[in-house]
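K.L.:
Okay, here's the prediction I keep looking at, along with the sequence it came from:
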Amino acid sequence: MKMTGNTILITGGTSGIGLGLALRLFEAGNKVVVAGRRTELLGEIMAEHPGIDALALDVADPDSIARARETVAASHPGLNVLVNNAGIMLRENLLDPAGLPVAEDHIMINLLGTIRMTYAFLPLLVGKGDAVVMNVTSALAFVPFPVTPTYNATKSALHSFSESLRIQLAGAEAGVQVIEVVPPGVRTTLLGQQDDDHAMPLDDFLTETLDLLREKPDAKELVVERARFIRDAEANGSYDNVLAMLSSI
Ligand SMILES: NC(=O)c1ccc[n+]([C@@H]2O[C@H](COP(=O)([O-])OP(=O)(O)OC[C@H]3O[C@@H](n4cnc5c(N)ncnc54)[C@H](OP(=O)(O)O)[C@@H]3O)[C@@H](O)[C@H]2O)c1
């Protein structure tokens, strides 16, 4: 992925990692459209950062996705990068029936939302020559955090989906690069870890991730150092130890 001169749509761009990426990529000389459900935040972002565009989008709603696609096709026909970042993360007790709707919401937003966005926006990307789909998964795709079981499962599924997507889009005809971002715990409000010293400061995460991309523009995965021990646990034989560690938090 080139670092400048792109037109980028970022889902979940109203806060946290999505907003952070949006601001960094905008400063680097890209056109950026942030999307999310909290329209008051979208208005604030546009007011504070003239030049950034914003779009109301609920990735759990197919009609909202269809409207967003029409809007972007008309207003930003040069769109060449889709960042699928929108997501939720909530604890679930699998012995409590109240957990089931929580599980269903994760699948609807994190997994189906990303798949629907990909189907909807690929026709705008294919053939652009320098197009990218960037999927934000999680280190927890590789070893689960047992208190958020369906969250982890959606991220494992998105890792698998991204792998297949990369192969299907690799042909010269489509020519779309697929990049998976694999964050460790980062200080955002996702699960209330914004003040947690064990989570990575958001600015540090953004700097390291974008440095990795700058160093390796053809990267398949962007994995900061703090996520490495989880990402590589299965391959290096430390899976059981890492799972035990994540089970004790
Ligand atoms: N922070 C971490 O420790 C961490 C670690 C690994 C992976 N990640 C991943 O990073 C991504 C961003 O999370 P974050 O940490 O930045 O948390 P965040 O600040 O809570 O951001 C989540 C974003 O997703 C959007 N969103 C949620 N549901 C949506 C829906 N139905 N439709 C459209 N947008 C929706 C939210 O916007 P609206 O509420 O305005 O819709 C918000 O902008 C997520 O995919 C998360 O799984 C985060």
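P.N.:
Received the coordinates, thanks. Residues are numbered from 1 along each chain as shown.
K.L.:
C-alpha from now on. contacts and neighbour counts both.
P.N.:
Fine.
K.L.:
Chain neighbours aside, what residue packs nearest to Arg226?
P.N.:
Closest residue in space to Arg226, ignoring its immediate chain neighbours: Pro184 at 6.3 Å, by Cα to Cα, 6 or more residues apart in numbering.
K.L.:
Doesn't the one you found lie inside a strand?
P.N.:
No. Counting by DSSP: H, G, I helix; E, B strand; the rest coil, Pro184 is located in no strand; its state is coil.
K.L.:
wait, what's in contact with it?
P.N.:
Neighbouring residues of Pro184 by Cα atoms under 8 Å, 6 or more residues apart in numbering: 138-140, 199-200, 224, 226-227.
K.L.:
PyMOL command for the buried members of the residues you listed?
P.N.:
Selection of buried members from those for PyMOL, criterion 16 or more other Cα atoms under 10 Å:
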select buried, resi 138+139+140+199+200+224+226+227
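K.L.:
So which of the contacts of Pro184 sit within helices?
P.N.:
Using DSSP state H, the members of those that fall in helices are 226-227.
K.L.:
filter the contacts of Pro184 down to the ones close to the ligand.
P.N.:
Ser138 (Cα under 6 Å from any ligand atom).
K.L.:
Let me know the closest of the contacts of Pro184 to the ligand.
P.N.:
Nearest to the ligand out of the contacts of Pro184 is Ser138 (Cα to the nearest ligand atom; 4.0 Å).
K.L.:
Got phi/psi on that closest one?
P.N.:
Torsion angles at Ser138 (phi, psi; degrees, to the nearest 10) stand at phi -170, psi 150.
K.L.:
OK, contacts around the residue lying closest to it once chain neighbours are set aside?
P.N.:
Nearest residue to Ser138, sequence neighbours excluded (Cα to Cα, 6+ apart): Val182, at 4.5 Å. Counting by Cα under 8 Å, 6+ apart, Val182 makes contact with 136-139, 221-224, 227, 231.
K.L.:
List the contacts of the residue lying farthest from the centre of the chain.
P.N.:
The outermost residue of the chain relative to its centre, with distances by Cα atoms, centre = their mean, is Leu95 at 29.4 Å. Listed by Cα under 8 Å, 6+ apart, Leu95 has no contact partners.
K.L.:
Contacts for the helix of greatest length in the chain, please.
P.N.:
Secondary structure of the chain per DSSP H: the longest helix is helix 149-168. Contacts with helix 149-168, where a contact means Cα under 8 Å, 6+ apart, come from 88-92, 103, 106-107, 110-111, 135, 137-138, 140-142, 144-145, 176-180.
K.L.:
How about it and the ligand, touching?
P.N.:
No. For helix 149-168, no contact with the ligand is found by Cα under 6 Å from any ligand atom; the gap never falls below 7.5 Å.
K.L.:
buried ones in that helix?
P.N.:
For helix 149-168, the buried set under the neighbour-count rule, 16+ other Cα under 10 Å, comprises 149-159, 162, 165-166.
K.L.:
Does the residue farthest from the centre of the chain belong to a helix, a strand or coil?
P.N.:
Three-state call for Leu95 (three-state DSSP): coil.
K.L.:
any idea how far it is from Leu140?
P.N.:
Relative to Leu140, Leu95 is positioned 21 Å away (Cα to Cα, to the nearest Å).
K.L.:
Many thanks, have a good one.
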